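>>> Kindly return the folded structure for what I paste below:
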Amino acid sequence: MYRIKTFNKISPMGLNRMEPEHYTYSDNETGEDGILVRSAKLHDYPFPDSLLAIARAGVGVNNIPIEEYAKKGVVVFNSPGANSNAVKELVLGMLVLSSRGVVQSMNWVRDNADDPEIQVDAEKAKKAFVGRELKGKRIGVIGLGNVGSKVANACVDLGMDVYGYDPFISVEHAWVLSREVQRVGTLEDLCRGCDYLTVHVPSKADTIGMISTEQINLLAPDAVLINYARETIIDEDAVDAALREGKLSWFSCDFATPKTVKMPNTFITTHSGAGTGEAEANCADMAISELKDYLENGNIAHSVNYPAC
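Next up is the predicted model:
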């Protein structure tokens, strides 16, 4: 019998895979063999000596001290790719929202709901919300992994001129990438002349603050910046200045920080990139599969602190 402690709400579609004759799970388990977690921070969690593995139902592992656990023999898993379609769809939504004045025009309608001539006045007001089409515009995609490759391919289908930058692209993702995605060798070459720039890389020493004044200045006038990766990838001061100076026309991100919430011309969501029932179920299913295979068979796949074996 394996004891599993759950942090956060884990999709029941995944939990149902743990047979009751072999597993017990709850958020108050003690002496646990495994942990299932989403976003709860475990840096100060006093894990028991019985703990063998942690499975993160998601991709980022900033909330887990992976090196500390590795030293103590605890394998940490994540769920790469399980929520990538959900993130891709929201990024596409941000491309449209930041181009067409959709939210602004809807707000105008709400603000003028008591106008008896609203149908006529709406026709007059619409010229204030004229936007631009995505077709034919140049977009740079930074990171061509699980999410970035899907975003790039979708943008090709929208008729955009798509450029990608990923010096560490895997063979797996290279195979699925559309031949219409033009790969460039440097970040500077990617940014040069882009109407849109979207970021899909993990937060690491070499990616923190990688989008700053130098990169923004290379973009086309009135460019749009989208960050649904990690908040640390963006130099917030540089983005704030670019928005206020009109260098950037819009900034969309998934991270409400004390800085971003005070920036002009922003769409900020509540870390909702993977916020669909399907994505939560996919992540839970993948995390639990990894956890079970390790506990029952000793197999390691998709670990962030141990090699596959």
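
>>> May I ask which helix or strand of this structure has the lowest mean pLDDT?
Using mean pLDDT, DSSP states H and E, the weakest-scoring helix or strand in the chain turns out to be helix 12-15, at a mean of 85.

>>> Give me the next element, helix or strand, following that helix.
If you walk from helix 12-15 toward the C-terminus, the next helix or strand you reach (DSSP states H and E) is strand 23-26.

>>> list the helices and strands that next one packs on?
For strand 23-26, the elements it packs on are strand 2-6, judged by 3 or more C-beta pairs under 8 Å, 6 or more residues apart in numbering; DSSP states H and E. Using the backbone N, CA and C atoms, a C-beta is placed for each residue, glycine as well.

>>> For the strand it packs on, name the packing helices and strands.
In terms of contacts (3+ C-beta pairs under 8 Å, 6+ apart), strand 2-6 is packed against strand 23-26, strand 34-37.

>>> To P46, which of those lies closest?
For the helices and strands packed on strand 2-6, proximity to P46 was assessed by C-beta to C-beta; strand 34-37 is nearest, at 12.3 Å.

>>> Run me through the strand neighbours of the closest one, direction for each.
Using DSSP bridges, the strands paired with strand 34-37 in its sheet are strand 2-6 (parallel), strand 53-56 (parallel).

>>> could those strands go into a markdown table alongside mean pLDDT?
A markdown table is the format used below for these (pLDDT from 0 to 100):
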| stretch | mean pLDDT |
| --- | --- |
| strand 2-6 | 97 |
| strand 53-56 | 97 |
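
>>> Which residue ranges of this protein form strands?
Ranges of strands within the chain are 2-6, 23-26, 34-37, 53-56, 75-77, 138-142, 161-165, 182-183, 196-199, 223-227, 248-253, 266-268, based on DSSP state E.

>>> out of the ones you listed, deepest packed?
Scoring these by mean neighbour count under mean count of other C-beta atoms under 10 Å gives strand 53-56 as the most buried, with a mean of 28.

>>> Output that one in CSV with nothing but the alpha carbons.
In CSV, the C-alpha atoms belonging to strand 53-56 read as follows (Å, rounded to 0.1, in the frame of the first residue of the first chain):
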residue,chain,number,x,y,z
ALA,A,53,9.0,10.8,-5.2
ILE,A,54,7.1,14.0,-6.1
ALA,A,55,5.0,14.4,-9.2
ARG,A,56,4.1,17.9,-10.4
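
>>> Give me the distance between it and the centre of its chain.
A distance of 20 Å separates the C-alpha centroid of strand 53-56 from that of its chain, computed with C-alpha atoms, centre = their mean, to the nearest Å.
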